[in-house]
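Colleague: Return atomic coordinates for the entry below.
(one chain, ligands or ions: 1)
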Amino acid sequence: MAEKGMLVVFSAPSGCGKDTVFQELLKRRTDIVKSVSATTRPIREGEQDGVDYYFKTEEEFKRLINSKGLLEHTVYNGNYYGTPVEGVNKAISDGKICFLIIEVEGGQNIMKLRPDCVPIFLLPPSIEELRRRLIKRGTETEDVIEQRLERAKLEIELSELYRYNVVNDDLNVAVDKIEEILEIELSAHNR
Ligand code: 5GP
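Modeller: Reported below is the predicted structural model:
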């Protein structure tokens, strides 16, 4: 268990396996929690309100912005996404490692707001491999896959802004690497 909480910004292009990597980390450590974001995007099959996201109407989301309930927010693919400040503060005061699984614009905002955060960017082995994974996942049309790949290229260019870049070629190797990073950062945090 971390003595003091720690904030981790975890970003990756779509299809890079960040949810799988995060689920594996959760299995290995009990002091990790995910910040549940608010969003206006429609709920997907299998998702639960309050677990995967807090699903909001645009009006509700704007109210959250106006009441300063969000640490950061952005528009992604035409939908709002934001990090509720309350959940983050609670996780940190509980001594947890709080993961913000967010896109790069939000990630950059958090790095400015919370310079003591730990920014980790998960990279695909290559764009070709990312295309293969998105096609295999089969949840998007060809056009959407091409849009996501274009966005992924832009996001990968911003990966250098993150303190740590981890390549997700082999799942276990990537998770091992992130665990090492957490250990290094925790000892620096609690020094
Ligand atoms: P999806 O709709 O596929 O769940 O998420 C789309 C993108 O929004 C992903 O890159 C995800 O990490 C990002 N995202 C999720 N929650 C937030 C948030 O609270 N803030 C920001 N900036 N991005 C988020």
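Colleague: what number of residues lie near Gly78?
Modeller: Counted with other Cβ atoms under 10 Å, the neighbours of Gly78 add up to 7. From N, CA and C alone the C-beta is placed, and that goes for glycine too.
Colleague: Kindly apply the preceding question to Arg44 instead.
Modeller: 9.
Colleague: gap between it and Lys4?
Modeller: Here the distance between Arg44 and Lys4 works out to 35 Å (Cβ to Cβ, to the nearest Å).
Colleague: Next: Leu100.
Modeller: For Leu100, the distance to Lys4 - Cβ to Cβ - is 17 Å.
Colleague: Which pLDDT does the model give Ala2?
Modeller: pLDDT for Ala2: 47.
Colleague: now do Arg133
Modeller: 88.
Colleague: just the one 4 residues further on next, same as before
Modeller: Arg137 is assigned a pLDDT of 84 by the prediction.
Colleague: Wait, Ile181 touches Ile120, no?
Modeller: Yes. Here Ile181 lies in contact with Ile120, judged by Cβ atoms under 8 Å, at a distance of 6.4 Å.
Colleague: what is in contact with these two at once?
Modeller: Tyr164, Val166 (Cβ atoms under 8 Å, 6 or more residues apart in numbering).
Colleague: and the closest residue to the ligand within the chain, what helix or strand is that in?
Modeller: Of all residues in the chain, Gly106 sits closest to the ligand, at 2.2 Å by Cβ to the nearest ligand atom. Counting by DSSP states H and E, the element that carries Gly106 is helix 104-113.
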